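Undergrad: here's a sequence, model it:
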Amino acid sequence: LQHTLHSHLPDIAIVTETKITPDKCTPAQAAFPGYAGPIRRDRTANGGGVAVWVRSGLPFKELSNIDTANHEVIWMSIGLTSGRNVIICAVYRSGSLPGDNLELLQYLDDNLDTARRHGTHVIIAGDLNVHNQAWLNSSKTTRAGEYAEDLCNIHGLDQHIHVPTRGVNTLDLVMSDFCGKIATSNLPPLGASDHTCLLVDLPTSTTKEAATRRVVWRYAQADWERLRHFCRTQDWTSAISADPDTACTQLTNLITTGMHRFIPHRTLVTRPSDPPWWTPECTDAVNTKQRAWKRARQHPSPEHLETARMAAAQCGVQITRARESHSELMRQRLTRGNLTDKQWWSTVKQAGGEQRNTNFPTITSPDGTEHTTNLQKADCFGQFFSRKCSLGQNDFSDSDLPQTRQRTQQMLTVVHFRPDTVKRELRRLNTSKATGPDNIPAIVLKECAADLSQPLAKLFCTMLLAGQATGHVEICSGCAHTQEEVQIIPVQLPVSLPAKHPLEGDGDHYQSRHGQFPGEAPRPFTTTVRIPPRPGDSRPPHPTPTRLVFHHQQPRSRSRSGNRYCWSL
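TA: Next comes the predicted model:
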């Protein structure tokens with residue numbers, strides 16, 4: 001089956017009489033690269049069963065609201081390019097049933113009208129094991145065969161298979177209401193099956209996920225010294241002198257410019273159906289083969305035909321080389337010994353054929369909207385988790401929050417971000433994590449930490465002074481908020497200092513010229529800050545107090561805004 005899928009790349013694969021059970025075949029073992037599923041209806045004993053695989057990128061939805069009544073039937077909906085849906089019914093009727101058993105056929109007759117409410121076209125495909133000499137290639141006629149013919153006539157369906165599929169009998173049928181000629185072809189049987197494999201080409205096109213473009217950076221070949229020199233010689237002062245949003249955009253553009261200059265990169269086009277071993281060289285080989293065959297058909301000649309054959313052979317060699325290289329890479333990763341437990345098990349499962357399923361069925365939001373594309377599903381998940389991380393419409397008043405004793409009226413007027421602190425945090429970044437919304441990899445920030453700490457520290461201070469975050473800030477585990485939705489706390493914060501601390505009381509009395517306090521040496525201390533709501537802001541304050549750690553620094557001169565105590569946050 002996997003060889004057939006890779007050779008012919010069907011959009012939908014229906015397999016009947018699968019003879020698999022959940023205890024003998026897990027979903028991971030039945031998954032194939034480039035395909036979602038399978039959707040299975042297994043029989044607990046005596047063979048049977050039906051399964052459906054859908055090519056990655058096709059929007060599909062299993063119609064679970066249609067009761068299968070313990071029949072080996074799968075109803076599903078596939079999106080078309082016209083915005084409509086086609087209903088697929090994969091069915092298996094056991095060959096051991098007597099010819100007058102009409103239970104499954106009557107079930108189809110009763111539910112076809114219900115299924116048509118979900119789409120404009122319907123297709124019934126599978127092994128029905130019916131006989132009708134006048135209608136099919138059969139050696140006899142049974143009551144079930146006559147009922148199947150009547151079913152097609154009543155519901156306006158055409159039967160498209162006119163060749164024997166097992167011996168001299170046509171047992172595997174494809175019935176649809178598509179107008180026009182349906183192209184069918186026979187393929188060799190799958191495995192030890194005695195049924196012919198059928199390939200059906202319908203006169204319609206399905207909606208597929210668009211290919212995505214991404215930039216692949218080759219960090220092993222990067223010129224880090226020149227990139228650091230580029231960051232060190234930039235005029236960050238003028239770039240960050242504007243408002244926070246503009247400053248963040250300019251800083252991101254400057255870093256991105258340096259990355260494109262000194263880090264080799266390539267733009268790749270990724271399709272949802274591409275297997276994990278697929279490389280850009282495979283794409284180039286396939287395109288070359290298709291162009292050669294197109295030229296040979298348009299201008300037939302021995303030279304063009306020979307060129308097309310050579311291109312096809314080279315394409316096969318390139319695909320085989322890509323598969324072998326991927327297998328060798330998996331082997332090297334397992335024997336290298338520097339993988340984490342999670343990475344090791346992920347590599348083992350991938351090498352063993354247990355592919356991670358990244359294809360989700362159609363998702364229905366609470367308002368009834370159906371999301372079929374990957375982008376729509378991602379937005380739906382983001383909105384769901386965003387609601388879980390927010391307070392919603394709740395407005396907490398001061399009486400709802402725990403009472404705290406305010407021990408001082410002193411205010412923090414200036415909060416500084418020190419470049420050393422920013423540099424230390426940049427060097428702690430995990431380079432294996434994905435990039436943020438600015439598309440700047442963590443490895444670039446880590447390698448250029450010494451040269452980017454100064455402008456980043458100034459940018460953070462600019463954001464605090466402005467009292468707002470930029471549109472590039474990402475909050476709530478990946479739920480992006482715009483500038484209007486995100487507000488940084490006011491710069492002036494009331495601080496409740498610990499009891500018996502030298503700062504409690506008149507600051508002028510305790511501050512000396514040398515930054516010392518009478519009676520004890522300056523030492524770090526921790527205190528709790530409760531953030532009050534901004535004047536005029538209807539949103540509730542954060543219910544959890546914030547822990548602050550203060551460290552002593554050299555004193556600074558007075559400013560118009562008041563005393564600047566010699567303690568850094």
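Undergrad: low-confidence ranges in the stretch 351-500 of the chain?
TA: Scanning the stretch 351-500 of the chain with the threshold set as pLDDT under 70 gives 351-361, 390-402, 404, 406-408, 411-414, 467-500.
Undergrad: residue ranges of the strands in it, please?
TA: Chain-ordered strands for the stretch 351-500 of the chain, with DSSP state E, counting those that start in this stretch as the definition, fall at 363-364, 370-371, 411-412, 474-475, 479-480, 493-494.
Undergrad: cool, and the stretch 151-300 of the chain?
TA: With DSSP E, counting those that start in this stretch, the ranges of strands along the stretch 151-300 of the chain come out as 158-159, 172-176, 183-187, 197-201, 212-217, 265-270.
Undergrad: got the phi/psi numbers for Arg40?
TA: Dihedral pair for Arg40: phi -120, psi 150, per degrees, to the nearest 10.
Undergrad: correct me if wrong: it contacts Ile20.
TA: Yes: counting by Cβ atoms under 8 Å, Arg40 touches Ile20, with 7.4 Å between them. The way it works is simple: take the backbone N, C-alpha and C, and place the C-beta from them, glycine included.
Undergrad: list residues touching both of those two?
TA: Any residue near both Arg40 and Ile20 by Cβ atoms under 8 Å, 6 or more residues apart in numbering counts here, and that gives Ala30, Gly49, Ala51.
Undergrad: so the first one is in which element?
TA: Ala30 belongs to no helix or strand when assigned by DSSP states H and E.
Undergrad: which parts of the stretch 1-150 of the chain are strands?
TA: Here the stretch 1-150 of the chain has its strands, by DSSP E, counting those that start in this stretch, at 12-16, 35-41, 50-55, 60-62, 73-79, 85-92, 121-127.
Undergrad: Glu328: which of the ones you listed is closest?
TA: In this view, these are compared for proximity to Glu328 by Cβ to Cβ, and strand 35-41 is the closest at 24.6 Å.
Undergrad: I'd like to know which elements the closest one is packed against.
TA: strand 50-55, strand 73-79 (3 or more Cβ pairs under 8 Å, 6 or more residues apart in numbering; DSSP states H and E).
Undergrad: any chance of these in a markdown table, plus mean pLDDT?
TA: As requested, the helices and strands packed on strand 35-41 are exported to a markdown table (pLDDT from 0 to 100):
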| stretch | mean pLDDT |
| --- | --- |
| strand 50-55 | 89 |
| strand 73-79 | 88 |
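Undergrad: output those as TSV; include the columns distance to Leu465 and mean neighbour count.
TA: What follows is the helices and strands packed on strand 35-41, written out as TSV (distance: least, Cβ to Cβ, whole Å; neighbours: other Cβ atoms under 10 Å):
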stretch	distance to Leu465	mean neighbour count
strand 50-55	53	23
strand 73-79	50	23
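Undergrad: turn those into CSV, columns for distance to Trp236.
TA: Written out in CSV, the entries for the helices and strands packed on strand 35-41 read as follows (distance: least, Cβ to Cβ, whole Å):
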stretch, distance to Trp236
strand 50-55, 49
strand 73-79, 49
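Undergrad: quick one, which of these gets closest to Glu447.
TA: Within those, the stretch nearest Glu447 is strand 50-55; the backing value is 40.4 Å (Cβ to Cβ).
Undergrad: which helices and strands does that closest one pack with?
TA: Judged by 3+ Cβ pairs under 8 Å, 6+ apart, strand 50-55 is in contact with strand 12-16, strand 35-41, strand 73-79, strand 85-92.
Undergrad: give me the residues contacting the longest one.
TA: In other words, strand 85-92. 12, 14, 16-17, 41, 48-52, 63, 71-80, 104, 108, 115-116, 118-128, 204, 206.
Undergrad: what angle do that strand and strand 73-79 make?
TA: In this structure, strand 85-92 runs at an angle of 160 degrees to strand 73-79, with axes from the mean of the first three to the mean of the last three Cα atoms, to 10 degrees as the basis.
Undergrad: neighbouring strands for strand 85-92, and are they parallel or not?
TA: If you go by DSSP bridges, strand 85-92 pairs up with strand 73-79 (antiparallel), strand 121-127 (parallel).
Undergrad: swap in the first one?
TA: In the sheet containing strand 12-16, its partner strands are strand 50-55 (antiparallel), by DSSP bridges.
Undergrad: what sits up against the partner strand?
TA: 5, 9-18, 20, 30, 32, 34-41, 60, 72-74, 76, 78, 88, 90-92, 126, 273, 359.
Undergrad: could I have the buried ones of the residues you listed as ChimeraX selection syntax?
TA: Command for ChimeraX, covering only those of these found buried under the criterion 16 or more other Cβ atoms under 10 Å:
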select :5,10,11,12,13,14,15,16,17,18,20,30,32,34,35,36,37,38,39,40,41,60,72,73,74,76,78,88,90,91,92,126,273,359
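Undergrad: show me what the helix ranked longest in the chain is packed up against.
TA: When secondary structure is assigned using DSSP state H, the longest helix within the chain turns out to be helix 302-336. Helix 302-336 sits against helix 280-298, helix 341-351, with contacts defined as 3+ Cβ pairs under 8 Å, 6+ apart.
Undergrad: in CSV, list the ones you listed along with distance to Ile443 and mean neighbour count.
TA: Putting those into CSV (distance: least, Cβ to Cβ, whole Å; neighbours: other Cβ under 10 Å) gives the following:
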stretch, distance to Ile443, mean neighbour count
helix 280-298, 22, 15
helix 341-351, 17, 13
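Undergrad: with distance to Phe385 added, can I get the ones you listed in a markdown table?
TA: Rendered in a markdown table, the data for these read as follows (distance: least, Cβ to Cβ, whole Å):
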| stretch | distance to Phe385 |
| --- | --- |
| helix 280-298 | 34 |
| helix 341-351 | 21 |
